[in-house]
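>>> Curious how this folds, go ahead:
(chains A and B)
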Protein chains: 2
Amino acid sequence: MGEEKYEVDEIIKELVETGKGVKEILKEMKNVSELMVDLAYSAILFNNDELAEEVKELEEEMNKLRYQIEIRTMVAARDPKDAGKLEGILRIAAAAERMSNAADSMADIVLRDIGLHPVVRDALKEAEEVVDRVIIGKDSKLAKKTVEDLRKNAKYGMDIISIKRGKNWIFKVDDSEKINAGDTLIVSGFKENVKALREAN
Amino acid sequence: MGEEKYEVDEIIKELVETGKGVKEILKEMKNVSELMVDLAYSAILFNNDELAEEVKELEEEMNKLRYQIEIRTMVAARDPKDAGKLEGILRIAAAAERMSNAADSMADIVLRDIGLHPVVRDALKEAEEVVDRVIIGKDSKLAKKTVEDLRKNAKYGMDIISIKRGKNWIFKVDDSEKINAGDTLIVSGFKENVKALREAN
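Residues are numbered from 1 along each chain as shown, chains lettered A, B, ... in the order given. From the prediction side, this is the model:
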């Protein structure tokens, strides 16, 4: 209970400090939902537990966003007529959470290892392109390189879908973005390139 | 009833003819889910009924895919142990449908015009980049142009997220793809470019 109370305080504090409005929160929800869907299916298609774990973290992020959008909506409603017009936003938030829960169940299927094997796994061996998670080590020579360096490197050229830095996600990754030690990269590319990236890390 | 029976026959016929396996169907589900999520949120953010309608069509596509993956899974199960291992696939299919239903409820909120206005709509006016649907007219001068022509044209340069051609969707659009009369384009770009594209159509 105590811990939950603390979290709620933190969420409200963040909301007040950043001054995020409904529109900003909706945009963040869009980013979180899109990444969750991508990662949930990729976790299944590549039988990848690490991607499934990221989906579970994003689910928590979505819970936070749902809470924030509800607070914003409640505060904006000044009378019943006004509240009626705002009600759609609460419904959107509920739908976003259902979407996120569905992605979360996909992740659970991967993590619990139930019944994905005979038909899906055989097909996996053929896959040339994969989606994967790479955590940049603290002495990694990849740290301080830019996203563009990684993208264009002949040995491990690949697409960087998103970066998790501390508690924050960067959803639209800029070419000029510098990679830090400790960053979690969600990458997509040819199997051998992802392997080379892991070895260089 | 009669019509539904016919649809089911069609779905099975397509499955047999294309020889699609579980992996292929999962990949299609991934594409459909990703586009649904993108369009559902975009429909909300830009208060755009046309995008919401596309979400509703994609929901039907998802129903078809769910049916196909269930059929493939059932046929693959030869004994109870085997079936146990395949059960996860049915759960994935169920989760995919829940995801798709959630996107569908977002579309409904837009189409029924409930309560999106005071907070969201004000923010809309500031939006410089939009997502929109453009249906290529039968005598349009845009027909026979390639995707690259549209993408790089100074007047209406924009991103083409996907193309619906007849009953089929092209999810990963190639630069060399020729645009046909009757195609439905889902585009994203600056407001004035989308407007110029509409005028050129």
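>>> and A:Ile161, that one's in a helix?
No - assigned with DSSP: H, G, I helix; E, B strand; the rest coil, A:Ile161 falls outside any helix and is strand.
>>> Can you tell me the SS state at the residue lying closest to it once chain neighbours are set aside?
Distances taken as C-beta to C-beta, 6 or more residues apart in numbering or on different chains put A:Ile186 closest to A:Ile161, at 4.5 Å, once the chain neighbours are dropped. All C-beta spots, glycine's among them, are computed from the backbone N, C-alpha and C. Assigned by three-state DSSP, the conformation of A:Ile186 is strand.
>>> pretty sure A:Ile186 contacts A:Ile160?
Yes - using C-beta atoms under 8 Å, A:Ile186 makes contact with A:Ile160 at a distance of 7.3 Å.
>>> about what we covered before: count of neighbours near the residue nearest to A:Ile161?
For A:Ile186, the tally of surrounding residues (other C-beta atoms under 10 Å in any protein chain shown) stands at 23.
>>> do A:Asp79 as well
Quick note: A:Asp79 (other C-beta under 10 Å) scores 7 neighbours.
>>> likewise the one 4 residues further on?
The local packing of A:Ala83 (other C-beta under 10 Å) involves 15 other residues.
>>> Same check on A:Phe46?
Count around A:Phe46 with other C-beta under 10 Å applied: 19.
>>> And it, how close does it get to A:Val32?
21 Å (C-beta to C-beta, to the nearest Å).
>>> what's the answer for A:Arg91, then?
Here the criterion is C-beta to C-beta. By it, A:Arg91 lies 18 Å from A:Val32.
>>> Of the two, which one has the most company?
Set A:Arg91 next to A:Val32 and count neighbours by other C-beta under 10 Å: A:Val32 wins out with 22 against 17.
>>> does the more buried one sit in a helix, a strand or a coil?
Under three-state DSSP, A:Val32 comes out as helix.
>>> Could you double-check that it lies in contact with A:Leu58?
Yes - A:Val32 lies in contact with A:Leu58 (C-beta under 8 Å); the separation is 5.5 Å.
>>> Return every residue with contacts to both of the two.
A:100, A:169 (C-beta atoms under 8 Å, 6 or more residues apart in numbering or on different chains).
>>> related to what we said a few turns ago, kindly state the beta-bridge partners for the residue nearest to A:Ile161.
Under DSSP bridges, the beta-bridge partners of A:Ile186 are A:Arg133, A:Ser162.
>>> My guess is A:Gly137 contacts A:Glu199. True?
No - the criterion here is C-beta under 8 Å, and A:Gly137 misses it with A:Glu199 at 11.6 Å.
>>> of these two, who's got more company?
A:Gly137 (12 against 9).
>>> Not counting residues beside it along the chain, what's closest to the more buried one?
Nearest non-adjacent residue to A:Gly137, counting by C-beta to C-beta, 6+ apart: A:Asn201, 5.4 Å away.
>>> Let me know the pLDDT of the one you found.
A:Asn201 carries a pLDDT score of 85 in this model.
>>> hang on, A:Arg66 packs against A:Ile92?
No - applying C-beta under 8 Å as the test, A:Arg66 and A:Ile92 come out as separate, 9.7 Å apart.
>>> With neighbour numbers in mind, choose between these two.
Remark: of A:Arg66 and A:Ile92, A:Ile92 carries more neighbours, 26 against 19, as counted by other C-beta under 10 Å.
>>> ok now do that one, which residues does it touch?
Contacts of A:Ile92 by C-beta under 8 Å, 6+ apart are A:26, A:69, B:44, B:106, B:109.
>>> May I ask which helix or strand encompasses the last one?
Put plainly, it is B:Ile109. helix B:80-111 (DSSP states H and E).
>>> Now do that helix: distance to the chain's middle.
16 Å (C-alpha atoms, centre = their mean, to the nearest Å).
>>> Give the buried residues for that helix.
The neighbour-count check on helix B:80-111 (16 or more other C-beta atoms under 10 Å in any protein chain shown) flags B:85-86, B:88-97, B:99-110 as buried.
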